[in-house]
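Participant: Sequence and predicted structure are below.
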Amino acid sequence: MHELGVANEILDIALSEAGRHAAKKVTSIRLRVGVLRAIESGNLSFLFEHLARGTPAEGAHLEIVEEPVRVECDACGVSEAASFLLECPRCKGSGVSVTGGDSLSILSLDVDA
Ligand SMILES: [Zn+2]
């Protein structure tokens, strides 16, 4: 249930942004979430909706953009994967480095003044 902590964090950021812009309402929030975070988006939306009740972020739409893992292989370049890998998904080579896939950030936020 680590979605609850994440939902809380998003709400905090959304509310402080709304405050900074003297906005009455947060209408939508775009998030980038890495697949390695293993966040269930339906669950996250549900918890957020619950926490946001009675705040300016009530009813805000959560748009979740998944960030895949990037696997960089010495032999065949970059590919994307849905989980952490120790070998290249194409050539099964082990000369890989894995980057990305663990983001958790707010890309944009729409507010109503
Ligand atoms: Zn490869």
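Facilitator: Here it is on my side, so go on. Residues are numbered from 1 along each chain as shown.
Participant: Contact residues of this structure facing the ion?
Facilitator: Cys73, Ala75, Cys76, Cys88, Arg90, Cys91, Gly93 (C-beta under 5 Å from the ion). Quick note: C-beta positions are derived from backbone N, CA and C, even for glycine.
Participant: so what's the third one up against?
Facilitator: By C-beta atoms under 8 Å, 6 or more residues apart in numbering, the residues touching Cys76 are Cys88, Arg90, Cys91, Gly93.
Participant: what does the helix or strand hosting Glu72 contact?
Facilitator: For Glu72, the host element (DSSP states H and E) is strand 69-73. Applying C-beta under 8 Å, 6+ apart, the external contacts of strand 69-73 come out as 34-36, 78-85, 88-91, 93, 95-101.
Participant: in this structure, which ranges drop under the pLDDT threshold?
Facilitator: 1 (pLDDT under 70).
Participant: out of the contacts of Cys76, which are buried?
Facilitator: Buried members of the contacts of Cys76, counted by 16 or more other C-beta atoms under 10 Å: Cys88.
Participant: Which members of the contacts of Cys76 are the farthest-apart pair?
Facilitator: Using C-beta to C-beta, those reach their maximum pairwise distance at Arg90 and Gly93, which is 8.2 Å.
Participant: Report the central residue of this structure.
Facilitator: Residue closest to the average C-alpha location in the chain (C-alpha atoms, centre = their mean): Val33, at 2.2 Å.
Participant: Dig out what it forms beta bridges with.
Facilitator: Beta-bridge pairing for Val33 (DSSP bridges): Glu66, Leu104.
Participant: wait, what's in contact with it?
Facilitator: Val33 neighbours (C-beta under 8 Å, 6+ apart): Ile39, Ser41, Leu44, Ile64, Val65, Glu66, Glu67, Ser103, Leu104.
Participant: In helices, which of the contacts of Cys76 fall?
Facilitator: Using DSSP state H, the subset of the contacts of Cys76 located in helices is empty.
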